[in-house]
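Participant: Below is the sequence, then the predicted model.
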Amino acid sequence: MISAWSDQLLSYIKQGVLPDTTGLLQLQDLAIPGGYAQMVVFNNGANRDAALKLCDFLLTPEIQASIINELGGFPAIKWEYLPTELQKKFAQVISSSMPHFPDGPWDDAVVDGWYRNVAPGVDRNS
């Protein structure tokens, strides 16, 4: 048993480093799959309409399936909108909830640990 980011694990299975029979499990109380990626479209942006069209395209089931298959990432749409074979293949990792990391209850501890252990000479207030 190992803990791994989804992209690492799926990449290793695809490369044959791990066998196709490798089981996947999503722990419900830990932020194992990695952080979420965000995209922002400015309301007053010069190319707002084009940016919204790009967002629509990126959120299609086809592109989201490629996020899973090609990048090993988690989809940005509900699993029910993805192909049935992907839903079946990843049934064990489809979570009903996901803790927020960062910005969850760990955030203060992470920031404190960073300043104490990685950047002890940096002033937090500057």
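Facilitator: Cool, got the structure.
Participant: can you pull the contacts of residue 10?
Facilitator: Applying C-beta atoms under 8 Å, 6 or more residues apart in numbering, we find residue 10 in contact with 68, 72. Just so you know, the C-beta spots here come from the backbone N, C-alpha and C atoms, and that holds for glycine as well.
Participant: what about it, distance to residue 68?
Facilitator: Relative to residue 68, residue 10 is positioned 7 Å away (C-beta to C-beta, to the nearest Å).
Participant: now swap in residue 75 and tell me
Facilitator: 6 Å.
Participant: so what sits against both of these two?
Facilitator: residue 82.
Participant: mind showing which ranges of the protein have poor pLDDT?
Facilitator: Along the chain, segments meeting pLDDT under 70 span 26-37, 96-106, 126.
Participant: Mark out where each domain of it begins and ends.
Facilitator: Domain ranges of the chain: 6-95, 99-126, per automatic domain parsing.
Participant: Quick one: distance of the longest one to the chain centre.
Facilitator: This means domain 6-95. 7 Å (C-alpha atoms, centre = their mean, to the nearest Å).
Participant: Check the separation of the first and last residues in that domain.
Facilitator: Length of domain 6-95, first residue to last, C-alpha to C-alpha, to the nearest Å: 13 Å.
Participant: picking up where we left off before, so which of the domains of the chain is the most packed in?
Facilitator: Compared across the domains of the chain, domain 6-95 shows the largest average neighbour count, a mean of 13 (mean count of other C-beta atoms under 10 Å).
Participant: What ranges does the protein have for its strands?
Facilitator: In the chain, no segments count as strands under DSSP state E.
Participant: Do you have the helices of it handy? List them.
Facilitator: For the chain, helices defined by DSSP state H occupy the ranges 6-15, 48-58, 61-66, 84-89, 107-113.
Participant: With distance to residue 125 added, can I get those helices in TSV?
Facilitator: As requested, those are exported to TSV (distance: least, C-beta to C-beta, whole Å):
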stretch	distance to residue 125
helix 6-15	35
helix 48-58	36
helix 61-66	41
helix 84-89	47
helix 107-113	12
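Participant: For residue 95, find the nearest of those.
Facilitator: Evaluated over the helices of the chain, closeness to residue 95 peaks at helix 6-15, with 11.2 Å, by C-beta to C-beta.
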